[in-house]
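1. I need the structure of the sequence given here:
(one chain, ligands or ions: 2)
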Amino acid sequence: MAMTDHVDLSTFMEGVKKRNPGQTEFIQAVQEVAQDIYEFIADKEEYHHYQILRRIAEPDRIISFRVCWEDDSHNIRVQRGWRVQNNNAIGPYKGGIRFHPSVTESVLKFLAFEQTFKNALTGLPMGGGKGGSNFNPKGKSDHEVMRFCQSFMTELYRHVGADVDVPAGDIGVGGREIGYMFGQYKRITNQFTGVLTGKGLEYGGSLIRTEATGYGAVYFLQSMLKTRGTDLEGKTAVISGSGNVATHAAEKVTQLGGKVLTLSDSEGFIHDPDGIDQEKIDWVKAHKTKRRGRISDYAREFNGATFHAGMTPWGVHCDVALPCATQNELLGMDARALIAGGCIAVAEGANMPTNLEGVHVFKEARILFAPGKAANAGGVAVSGLEMSQNSERRAWKEAELQQLLLDIMEGIHDRCVAYGRADDGYIDYVKGANIAGFKKVADAMLAFGVV
Ligand SMILES: NC(=O)C1=CN([C@@H]2O[C@H](COP(=O)(O)OP(=O)(O)OC[C@H]3O[C@@H](n4cnc5c(N)ncnc54)[C@H](O)[C@@H]3O)[C@@H](O)[C@H]2O)C=CC1
Ligand SMILES: O=C(O)CCC(=O)C(=O)O
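-> Ligands and ions are numbered 1, 2, ... in the order given. Sure, this is the predicted structure:
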């Protein structure tokens, strides 16, 4: 093989910035991965020659489309929809759909890029993709949400398929939205296939998919704690978010003997020093998914709890923290506050909730820190198992799925340890996850030549 001129890391990142102007989230996600990959491939000519990282950081394609719908007052509304198909070297594109006003092409590109590494880490054959819209489901009636989802799928159906690209839920997209989108796909194509995951159990969904991301993040946290000879029993946990991932992470922490002190949403956080037990978690789940209320209502419902408007929960003293809301919700100063408050371990339930400075602070302090692409992979892993069940036209039993989720999370942990152990014994989970995820995708790409 001919030797290639190696582009160094800073020149590589300059190129990424130039080609993706203003896409700060995407650039941040690539930066976090590139620094570890450059170290790993320093002596591996093939990866340089075939420009593997450069190719993974350029989505296979981005589909952008208009989504037109009518609200209850008969106003015509126009939104933008996207599907970013990042890389399908190891399987069909796979990744959630996000409905939130903050959705931009940059946000979806960062999520699809991260998803590529995450899906590889699960050990299942899934490539990386992500989609969504700047539609805000908050305050919309069920019928408005239905009309929007139908319109969204009326374009998306051309680009997805059980062996092509299999979307699922993410922020603002839960069981209700998946149902509306699946119904529309079926109506347009006249096919009943596993084109989406996170489906209802009545029509091809998998047991434990709803719980999987939050539970998986806590299993990963337990595995990290085990490397330091401890576990969650008696530990206090600070959790952000109050959606699917946050409530199920809270549930598993509680089941494993921990005490959850906080939950949050975009308006602020609640602090309950008595602990958010299963009964309270059930109330939050119903409040968020059925009554579609705000987390501030918790403080009116439960004595002793307080609501802190416009604030994040990272100043509350705790043993462990699980950011489970959204990207860049935990900054350098928050990381320092957590460490000062006694936090020994952080597992990201959300995607890229900690900014680059925060990650640096955690690593410098040598605390246990699991990046989202490793810690929150349980959701997409069970989505992969849902795809298998759909292909087989069978539904597996809950005990089997619970065991598979646990095994997959332990497998991811082991892969991170294998590639992330430093000379002094510290496990850099960020580096481990980046390299293990990269290697699998990169080796598949090498097998295909230049495509
Ligand atoms: N649902 C899943 O299976 C997976 C989700 N994730 C990630 O987990 C995170 C949460 O997703 P879900 O729980 O599924 O969504 P969700 O829609 O069920 O809940 C999102 C939560 O985050 C809060 N939130 C949104 N924007 C916020 C902001 N700017 N500040 C503070 N809070 C904010 C919302 O109020 C809500 O409580 C996202 O980063 C998502 O990408 C990652 C892996 C899988
Ligand atoms: O289940 C899936 O396909 C995707 C879940 C997801 O969006 C994620 O892992 O960030």
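
2. residues in the chain within reach of ligand 2, list them.
-> 94-96, 115, 118, 168, 170, 197, 351, 376, 379-380, 383 (CB under 6 Å from any ligand atom). All C-beta atoms are positioned from the backbone trio N, CA, C, and that covers glycine.

3. for residue 421, give me phi and psi.
-> phi -80, psi 120 (degrees, to the nearest 10).

4. hmm, back to that, from the residues of the chain next to ligand 2, pick the one nearest ligand 1.
-> Distance to ligand 1 across these (CB to the nearest ligand atom) is lowest for residue 379, with 3.0 Å.

5. three-state assignment of the closest one?
-> For residue 379, the secondary structure call by DSSP: H, G, I helix; E, B strand; the rest coil comes out as helix.

6. pretty sure it contacts residue 212?
-> Yes - contact criterion CB atoms under 8 Å: residue 379 and residue 212 qualify, at 4.9 Å.

7. pull out the buried positions in stretch 155-165.
-> Neighbour-count burial for stretch 155-165, with 16 or more other CB atoms under 10 Å as criterion, is recorded at 155-157, 159-161, 165.

8. which of these come close to ligand 1?
-> Among the buried residues of stretch 155-165, no residue sits close to ligand 1 (CB under 6 Å from any ligand atom).

9. farthest-apart pair in these, please.
-> 155 and 161 (14.2 Å; CB to CB).

10. so how far is the stretch of helix or strand residue 224 belongs to from its chain's centroid?
-> Assigned by DSSP states H and E, residue 224 falls within helix 209-227. Remark: helix 209-227 is offset 13 Å from the chain centroid, using CA atoms, centre = their mean, to the nearest Å.

11. could you do stretch 19-27 as well?
-> The answer for stretch 19-27 is 19 Å, by CA atoms, centre = their mean.

12. which neighbouring elements make contact with the helix or strand hosting residue 300?
-> Here residue 300 is covered by helix 297-301, with elements defined by DSSP H and E. Counting contacts by 3 or more CB pairs under 8 Å, 6 or more residues apart in numbering; DSSP states H and E, helix 297-301 is packed against helix 278-289, strand 306-309.

13. deepest in the core, which of those is it.
-> The highest average neighbour count among the helices and strands packed on helix 297-301, using mean count of other CB atoms under 10 Å, belongs to helix 278-289 at a mean of 16.

14. for the protein, longest helix please?
-> helix 398-420 (DSSP state H).

15. is any part of the helix or strand just after it close to ligand 1?
-> The helix or strand immediately downstream of helix 398-420 is helix 429-448, counting by DSSP H and E. No - using CB under 6 Å from any ligand atom, we find that helix 429-448 stays clear of ligand 1, coming within 13.7 Å at best.

16. hang on, the earlier thing: would you point out the most distant pair within the residues of the chain next to ligand 2?
-> Top of the distance list for the residues of the chain next to ligand 2 (CB to CB): 197 and 351, 16.9 Å.

17. quick revisit: got the buried residues for the helix holding residue 300?
-> Along helix 297-301, these residues count as buried under the neighbour rule (16+ other CB under 10 Å): 298-299.

18. related to what we said a few turns ago, okay, the helices and strands packed on helix 297-301 in a markdown table with distance to residue 145 next?
-> Compiled in a markdown table, the helices and strands packed on helix 297-301 are given as follows (distance: least, CB to CB, whole Å):
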| stretch | distance to residue 145 |
| --- | --- |
| helix 278-289 | 13 |
| strand 306-309 | 27 |
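
19. right, so of the ones you listed, which gets closest to residue 201?
-> Closest approach to residue 201 among the helices and strands packed on helix 297-301 (CB to CB): helix 278-289, 15.6 Å.

20. from the chain's centroid, how far away is that closest one?
-> Distance, centroid of helix 278-289 to centroid of chain: 21 Å (CA atoms, centre = their mean).

21. what helices or strands is that helix leaning on?
-> Judged by 3+ CB pairs under 8 Å, 6+ apart, helix 278-289 is in contact with helix 244-255, helix 297-301.
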